[in-house]
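Visitor: The following comprises the amino acid sequence and a computationally predicted model.
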Amino acid sequence: MKLAIALVAALAFAALPLMTSSNYIIGVGISALIFTVAAAALNLIYGFTGLLSFAQLGFWGIGGYVTALTVVTFGGNFWWGVLWAALINAVVALAIGYPTLRTNRHAFVIMTLTFALLVTLIARDWVDLTRGPLGIPNLPKPSAFGYHFGTTGQYYWVAWAFSVAMLGFLYALCSSRIGRTLVAIKQNEPLVRAQGIAPMPYKLSAFAISAAVTGAAGGVFTFHLGIIDPLFLDFYYMQTFLIIVIIGGAGSFWGVIAAGIALSALPEVLRFSADFRMIIYGVILVVAMFVMPTGVAGWLRERQLARMREQLR
Amino acid sequence: MTVDAVYLLQLTLNGITLGLIYALIAVGLSLIFGVMEIINFAHGELLMLGAFAMTFALPVMGLLYWPSLAVAILAIMLVGLVIYEVLLARLKPDEFERSILITLGLSIIIIHVMQYLFTATPRMVDTQYGFEGVSIGSIRITWTRIIGAVAAAAAFGGLYVVLRHTQFGRAMRAIAQNREAALMVGIRPRVVARNAVVLAAGLCGLAGAAISPIQLVTPYMGQFLIFKAFALVIIGGLGNIPGAIVAAIALGLIESWIGGFYEIIWQEAAVFVIMIAILFVRPDGLFKRGGMRVG
Amino acid sequence: MSAILQVTELRKSYAGVHALDGVSLAVEAGSITGLIGPNGSGKSTAIDCISGFQKLDGGKVVLAGNDITGQPAHHIARAGLMRTFQTVRIYERLSLRDNLAIAAQQFDPATWLDEFLRTRRYRQAVDKAEVRARELVELIGLKRYWEIETGILSYGQKKLVALAAALMPHPKIVVLDEPVAGVNPTRIREIEVALAELNRAGETFLIVEHNVEFITNLCHRVIVLDQGKKLAEGTAAEIHTDARVLEAYLGMTPEMAEAEMRGAA
């Protein structure tokens, strides 16, 4: 049932460029797709595995830069760039995840925060590689099989195909026994160990996959923007991913997808001023954490459970 | 490479000042973590507010440094009190992720409200001392730096006395060491947590006020500092106050030395590399988390 | 002698206090062995050390001929020792069915790739586990909660879920940490009957418990710990008449009580 709805929604989304010629609306559509993918990746590590990772912002930035540099500096094409973005991020996630996950979840959160900052600083200060604050403008739109995705409308298909593939992959993962094991680790790690399951490989893999998907998403998004500079690492992106996951319901795959599509339109609706928009984001975050910390999906589930308790009484 | 001794000394002095500022922030974070097991993401914004408070207080006080400093610290302690009563008091112990997300929201709100009200234009702060300073040989240090460092050192002395010898300091340490036992002997965790937050805010306000004549004041100034303070709290061992101070001063020195000889990127990356290296060797941080130890 | 679990000279101390001071014990295959003792006598520490949840300072643990001393908990579980916890541990936000399925998943041949692609090997493993799970659910009498999140169950029912989960992978031995503490008396009787039945079917148990009646009814052998040392060992009847045991349980001097408090903290 859910899969059928998802399929219809995916097809409806595919048709967006046919329904409008407004580059603005199509651009919002691309943001919605890519942000949803990044949020679903955050959901994998935070919602399912229970590890709050701010490193997503760093992975997003590394993905953007790797893809852009592959094309501009190293003479590769866009597709290889996205692949490299995923691979490099996975390796980075393993390298920083292993020492930190051995400690405790507090250290993990703080390490990921510091990592996000580090990537921002590298983007700004390693001028030889990243060209510093000026960034790399005029990123060329990709081609495949002789077809050039030159306009926003054409590039939309790239973003669409990427998102559907990534969300399909994440769904297969989250709904599999691996996803269930991640949930088990989040709920009761000592019990997991007592049942013969080593948590570390699961946590590390979830972190690496989440990093790879986020990085690839960053790569696709930066070619939509056509430029990459340190602003690509603005904390605004991390906040957007977080708010999508929290409002949708951490640990609920479809809840986060729905929230991603719905909330990505939000910044476009709230086009007062950048500051005002951020203030509203902050307020949403604080209020959501108090009013419904488990998100819409969690709230629905609580109600269902309450009914069940009544019946069993 | 020949190293100029004067240059090195200058870097060292700068590093100590920087390290003391880091320490003021990191100690506050450690204090709050020790008592409540949460992280205050908006801690850097308290520092920023402290610096802004200084920019407003100084002209009113006729550029007099000390009264303005006092006003800034008190103002930030008040802000800390409000934050505790409105937000943090609702958290249960060990709601770590939730605390981060809530205070992250708060930090976004504070930064952007400040930017909305006062724009992102950097502000310079002038004090009664201006840019005067002392010269020892060819080394020159401004009075504002010296006073900032002295005030920070004095604050740590004061903190030591408070934690060691006052009733509420002992209560704080008791909670950090063993929550259940502390509750049994009748310590009220809410009061202790509030005191800890207000105290940490005061230290942060001092840091902001002390840094304001040295650095440009902008709504974003807290962000970069707070990331480093987080790393320091890990390096020093979560909740370990002397550990945080030692780690902070060491980092200040290391950054200053690296910055004097290498590109800025290495200076910025140092803290992260050190943190990862330390977690590899000692997963509990350099000094372990032994409750809240003071000396 | 066919001891499935052989523990020799177990040692563990916290900050100078000897929680375990050279404890040896053996559990015969197919038996129910009880481990009792006053608070702070080292029972919980002993099973934490045996199951790999605490590092031991010295001694040896052999399970079915394999030396498992000091191995991480998940290795020991894979070697065939499953345990429950004093404060009940189950996955409260997962269904009863999932709770049982997870408990067995590490013991089937399906790899991550099998799980991701839902291969035949994976499906067969799942089907096999499901048969076992349904048997156990029948046995513990929670059939009607099969698809329901276990968080809504009562405390006693949760203990049963934990017991069933521990039995899922056909372990060589099941270690139960206070299986009836905090459970209401009628439910205790049910647990007792279920354990006896499982034991007849060939399961081996090591049970740590305070409830002396429960232990007496169930256990073939009882081991009494006191202050980190083995005080007595024998059948339930022998233990009941042992003067040292009676003193440890009833005639405690104030100093001993205080020592226990320190051990428990």
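Guide: All right, it came through fine.

Visitor: Can you list the residue ranges for strands in the stretch 101-250 of chain A?
Guide: All strands of the stretch 101-250 of chain A, identified by DSSP state E, counting those that start in this stretch, fall at A:143-144, A:147-148.

Visitor: could you point out the longest helix in the chain?
Guide: Just going to use chain A. helix A:199-225 (DSSP state H).

Visitor: not what I meant, chain C
Guide: Longest helix in chain C, counting residues (DSSP H): helix C:120-140.

Visitor: buried ones in that helix?
Guide: For helix C:120-140, a neighbour-count test (16 or more other C-beta atoms under 10 Å in any protein chain shown) marks C:121, C:122, C:125, C:126, C:129, C:132, C:133, C:136, C:137, C:139, C:140 as buried. Where you see a C-beta, it was placed from the backbone N, CA and C, and this is true even at glycine.

Visitor: how near is the second one to chain A?
Guide: Which is residue C:122. Distance, residue C:122 to chain A, by C-beta to the nearest C-beta, to the nearest Å: 7 Å.

Visitor: And the pLDDT for that residue?
Guide: We note a pLDDT of 90 for residue C:122 in this prediction.

Visitor: Quick check: closest non-adjacent residue to residue 171.
Guide: Unless you meant another one, I'm taking chain A. Distances taken as C-beta to C-beta, 6 or more residues apart in numbering or on different chains place residue A:253 nearest to residue A:171, at 6.1 Å, with adjacent residues excluded.

Visitor: Actually, chain C is the one I wanted.
Guide: Nearest residue to residue C:171 in three dimensions, chain neighbours excluded: residue C:82, at 4.1 Å (C-beta to C-beta, 6+ apart).

Visitor: Tell me the secondary structure at that neighbour.
Guide: State at residue C:82, reduced to three classes by DSSP: H, G, I helix; E, B strand; the rest coil: strand.

Visitor: next one: the one 3 residues further on
Guide: In the three-state summary, residue C:85 is assigned as coil, counting by three-state DSSP.

Visitor: Identify the residues contacting it.
Guide: Counting by C-beta atoms under 8 Å, 6 or more residues apart in numbering or on different chains, residue C:85 touches A:190, A:191, A:194, C:162, C:177.

Visitor: Now that we're looking at the third one, what pLDDT does it have?
Guide: Spelled out, it's residue A:194. Per-residue pLDDT puts residue A:194 at 94.

Visitor: got a list of what it touches?
Guide: C:51, C:53, C:73, C:74, C:77, C:82, C:83, C:85, C:89.

Visitor: quick one: contacts for residue 103?
Guide: As the question left the chain open, I've gone with chain A. Here residue A:103 is in contact with B:279, B:283, B:284 (C-beta under 8 Å, 6+ apart).

Visitor: The chain in question should be chain C.
Guide: Taking C-beta under 8 Å, 6+ apart, we find residue C:103 in contact with A:195, C:82, C:165, C:166, C:168, C:169.

Visitor: check which helix or strand covers it.
Guide: helix C:96-105 (DSSP states H and E).

Visitor: Please name every helix or strand in contact with the next helix or strand after that helix.
Guide: Counting by DSSP H and E, the next helix or strand C-terminal to helix C:96-105 is helix C:112-117. Packing partners of helix C:112-117 (3 or more C-beta pairs under 8 Å, 6 or more residues apart in numbering or on different chains; DSSP states H and E): helix A:177-187, helix C:120-140.

Visitor: Up against chain A, what does the stretch 151-295 of chain B have?
Guide: With C-beta under 8 Å from any C-beta of the partner chain as the criterion, the stretch 151-295 of chain B meets chain A at residues B:223-224, B:227-228, B:230-231, B:233-234, B:238, B:263-265, B:268-269, B:271-272, B:275-276, B:279-280, B:283-284.

Visitor: Tell me how many other residues crowd residue 54.
Guide: By default, I'm working from chain A. By other C-beta atoms under 10 Å in any protein chain shown, the residues close to residue A:54 number 26.

Visitor: wrong one, I was asking about chain C
Guide: Residue C:54: 18 surrounding residues under other C-beta under 10 Å.

Visitor: A helix includes it, no?
Guide: No: looking at residue C:54 with three-state DSSP, it is coil, so not inside a helix.

Visitor: Could you pull up the residues touching it?
Guide: By C-beta under 8 Å, 6+ apart, the contact list for residue C:54 reads C:12, C:45, C:48.

Visitor: Please check those and keep the buried ones.
Guide: C:12, C:45, C:48.

Visitor: Excluding chain neighbours, what is closest to residue B:141?
Guide: Using C-beta to C-beta, 6+ apart, the closest residue to residue B:141 is residue B:133 (5.1 Å).

Visitor: How many residues are close by that neighbour?
Guide: Neighbourhood size, residue B:133 [other C-beta under 10 Å]: 14.

Visitor: my guess is it meets residue B:146, correct?
Guide: Yes: taking contacts as C-beta atoms under 8 Å, residue B:133 lies within contact range of residue B:146: 7.4 Å.
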